[in-house]
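S.K.: structure of the sequence below:
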Amino acid sequence: MPSTDSRTTLPPLVEPAAELTREELERYSRHVIIPEIGSEGQRRLKNARVLVIGAGGLGAPALLYLAAAGVGTLGVVDDDVVELSNLQRQVIHTVDRVGLPKAESAALAVADLNPLVTVVQHRIRLDNSNAVELFSQYDLILDGTDNFETRYLVNDAAAIAGKPYVWGSIFRFDGQVSVFWEKHGPTYRDLYPEAPPAGSVPSCGEGGVFGMLCAAVGSLMVSEAIKLVTGVGRSLLGRVALFDALGGSWREINVLKDPEAQPITELSDYAAFCGVLPQEETTAEPEAADDTVTAGQLATMLAARDAGLRDFVLVDVRETGERDIVAIPGSVLIPQGRILAGEAWDELPREREIVFHCKGGTRSANVLAAARREGYTKVSHLEGGVMAWVRDVEPEKPVY
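M.R.: Here you go, the predicted model:
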């Protein structure tokens, strides 16, 4: 059995294809003349089947570089569509493809870059019913997802299918990359044995991401993938590379496999594990119908307030940058973090009605629950957040 020491080179993941055509030799010549890659390594890439989960911030550059490198078959898992706000960082998509499925947009881009690559579109949401079977069709997985539920699912499905995978994560100015492979070393569960509390880590849509960071992290993910396929170099298995774009620095930490961990043999309930079950399943006091207001109801309430017929406070719990993009007239900004840290209760009058809102409803629901625990009784939040407000009340305003 190959050594499990992450400092040693792992065996090549893919057998080489029979030959390279003249066109392939010319196209990939800068790889072929590298002694460590050579013709054999390039033929391994030609034979490789790599699945990329997500055609977003990390999947976009990863797919382009995998295609450019000559990976023979690329699978793309994504059930989303291209939006204008994606173009700040998801460089595989273009303005004329806004509204198209991301998997289709990615396939078009790959075809333009390298028609020798076969692209398989999986326009599905990865879940317990399809992950293991899908992974079994590929040699290697690249995980560019942005939520903990899917990351744990990818980890466990890859372990069951016996596949290695390259993981990347980005937030604001920070990026992380590692390789996980239960057969040879640690897994994502060794890095994060427990999921962070639900709502404690904002998504990129809530917290933002430095667009160029995606290129740095995505390209490193591809570098790890190419090394695994060809068997060259030292893999990041057992290490996590950390990139601070703001400081312009890389560092790494080691990850050890838990010697007492049991082999992963089945998938779990990842929503429950990550604490994101529906409200009625996770709290002793289910959210009542009068704890939410719709965008239309809020518009009526604001009109009544302007006419002096109703008194309430509309509190925006997002961050300043989000409010600079779009705001609901008459709201006041008190970010979720200040409220949950207990710093802002004095700014929230207990005797008046309060309506909280965020981008989509998740953060405002967290704040609502915290306010109720603090003894507030006249509180509710906007269903669907500012996105619902723009959709139903002020469609001329921008979204993000």
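S.K.: got a list of what the residue lying closest to S136 once chain neighbours are set aside touches?
M.R.: Leaving out its chain neighbours, the residue that sits closest to S136 by C-beta to C-beta, 6 or more residues apart in numbering is A161, at 4.8 Å. Every C-beta, even on glycine, is put in place using the N, C-alpha and C of the backbone. Neighbour list for A161: 132, 135-136 [criterion: C-beta atoms under 8 Å, 6 or more residues apart in numbering].
S.K.: where in the stretch 201-350 of the chain is pLDDT low?
M.R.: Low-confidence segments of the stretch 201-350 of the chain, defined by pLDDT under 70: 201-204, 276-290.
S.K.: among the contacts of A161, name the buried ones.
M.R.: With neighbours counted using 16 or more other C-beta atoms under 10 Å, the contacts of A161 contain these buried positions: 132, 135.
S.K.: what about the contacts of A161, which are in helices?
M.R.: If you go by DSSP state H, these have 132, 135 in helices.
S.K.: in a markdown table: the contacts of A161, plus distance to F243 and pLDDT.
M.R.: Supplementary listing: the contacts of A161 in a markdown table, determined by distance: C-beta to C-beta, whole Å; pLDDT from 0 to 100:
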| residue | distance to F243 | pLDDT |
| --- | --- | --- |
| V132 | 31 | 98 |
| F135 | 27 | 98 |
| S136 | 32 | 98 |
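S.K.: among the contacts of A161, which one sits closest to H93?
M.R.: Comparing the contacts of A161 against H93 with C-beta to C-beta picks out F135 as the nearest, at 25.1 Å.
S.K.: please report how far the closest one lies from P16.
M.R.: Noted for F135: a distance of 23 Å to P16, by C-beta to C-beta, to the nearest Å.
S.K.: cool, D112 as well?
M.R.: 27 Å.
S.K.: neighbour-wise, which of those two wins?
M.R.: Counted by other C-beta atoms under 10 Å, D112 and P16 do not tie: P16 has more neighbours, with 18 against 10.
S.K.: check which helix or strand the residue nearest to the more buried one when sequence neighbours are not counted maps to.
M.R.: The shortest distance from P16 to any non-neighbouring residue, by C-beta to C-beta, 6+ apart, is to R43 (3.6 Å). R43 belongs to helix 38-47 when assigned by DSSP states H and E.
S.K.: which residues does that helix contact?
M.R.: Counting contacts by C-beta under 8 Å, 6+ apart, the residues touching helix 38-47 from outside are 12-20, 24, 28, 31-32, 34, 69-72, 226, 229-232.
S.K.: count of residues packed around the nearest residue to V209 once chain neighbours are set aside?
M.R.: Distance criterion C-beta to C-beta, 6+ apart; nearest residue to V209, sequence neighbours excluded, is I170 at 5.4 Å. When neighbours are defined as other C-beta under 10 Å, I170 has 26 of them.
S.K.: quick one: secondary structure of I170?
M.R.: Taking DSSP: H, G, I helix; E, B strand; the rest coil as the rule, one finds I170 in the strand state.
S.K.: got it, and R125?
M.R.: Reduced to three states with three-state DSSP, the structure at R125 is coil.
S.K.: from L348, how far out is it?
M.R.: Distance of R125 to L348, computed by C-beta to C-beta: 37 Å.
S.K.: where's G238 relative to F180, distance?
M.R.: In this structure, G238 lies at 9 Å from F180, with C-beta to C-beta as the measure.
S.K.: can you give me the helices in the stretch 1-150 of the chain?
M.R.: 22-27, 29-32, 38-47, 59-69, 102-113, 131-135, 148-161 (DSSP state H, counting those that start in this stretch).
S.K.: got those as a markdown table, with distance to A299 columns?
M.R.: Shown next, in a markdown table, are the helices of the stretch 1-150 of the chain (distance: least, C-beta to C-beta, whole Å):
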| stretch | distance to A299 |
| --- | --- |
| helix 22-27 | 57 |
| helix 29-32 | 59 |
| helix 38-47 | 56 |
| helix 59-69 | 37 |
| helix 102-113 | 33 |
| helix 131-135 | 42 |
| helix 148-161 | 34 |
